[in-house]
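> sequence-free structure coming up:
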């Protein structure tokens, strides 16, 4: 894994304004979420911050392997970042519950940061490509 390629992928995610995060449960059932905040951390790790849904969190706790996609659809350039969750932290809890939460859903709304150790970076695009690490 090339650190300069990781930096480029993180910059792309921030430029387009989001990354997709794919997780799966222990049986392999996939789940997709999005995050608007991605940061480069030390030692080839990245951080993603968002108000993640319970499905994403439950999957990561049981199966720490994750795939992120940063993709500029207009120019058809992007990266798939493959890694493993190594840390999860609560950052903010909403002061009170939203109206929709008060109408039946009883989970507090918490912004979390998930730290991932990056293992591979692959090209991501519509155009023909291979899954060989760059």
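Received it, and whenever you're ready, just let me know what you need. Please read these numbers as outputs of a predicted model, since none were measured by experiment. Residues are numbered from 1 along each chain as shown.

> drop to CA atoms for contacts and neighbour counts, all remaining ones
Will do.

> give me the longest helix you can find in the protein.
Secondary structure of the chain per DSSP state H: the longest helix is helix 3-16.

> next secondary structure after that one?
Remark: after helix 3-16, the chain's next helix or strand is strand 19-24, criterion DSSP states H and E.

> contacts for the longest helix of the chain?
Contacts to helix 3-16, defined as CA atoms under 8 Å, 6 or more residues apart in numbering, come from residues 19, 36-40, 44, 70-72, 78-79, 121.

> and the angle from that helix to strand 19-24?
Put simply, helix 3-16 runs at 110 degrees to strand 19-24, going by axes from the mean of the first three to the mean of the last three CA atoms, to 10 degrees.

> where exactly do the strands run in this protein?
For the chain, the strands defined by DSSP state E occupy 19-24, 30-35, 37-40, 45-50, 65-72, 77-93, 110-123.

> show me the contacts for the residue nearest to the spatial centre of the chain.
Nearest residue to the geometric centre of the chain (CA atoms, centre = their mean): residue 21, 3.7 Å. Applying CA under 8 Å, 6+ apart, one finds that residue 21 lies in contact with 32-35, 66-69.

> how does it look with 6 Å?
Residues counted as contacts of residue 21 (CA atoms under 6 Å, 6 or more residues apart in numbering) are 32-34, 67-68.

> ok, residue 85 next?
With CA under 6 Å, 6+ apart as the criterion, the residues that contact residue 85 are 64, 115-116.

> just put the contacts of residue 21 in a markdown table and tack on pLDDT and distance to residue 25.
As requested, the contacts of residue 21 are exported to a markdown table (pLDDT from 0 to 100; distance: CA to CA, whole Å):
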| residue | pLDDT | distance to residue 25 |
| --- | --- | --- |
| 32 | 95 | 12 |
| 33 | 92 | 14 |
| 34 | 92 | 17 |
| 67 | 96 | 13 |
| 68 | 96 | 16 |
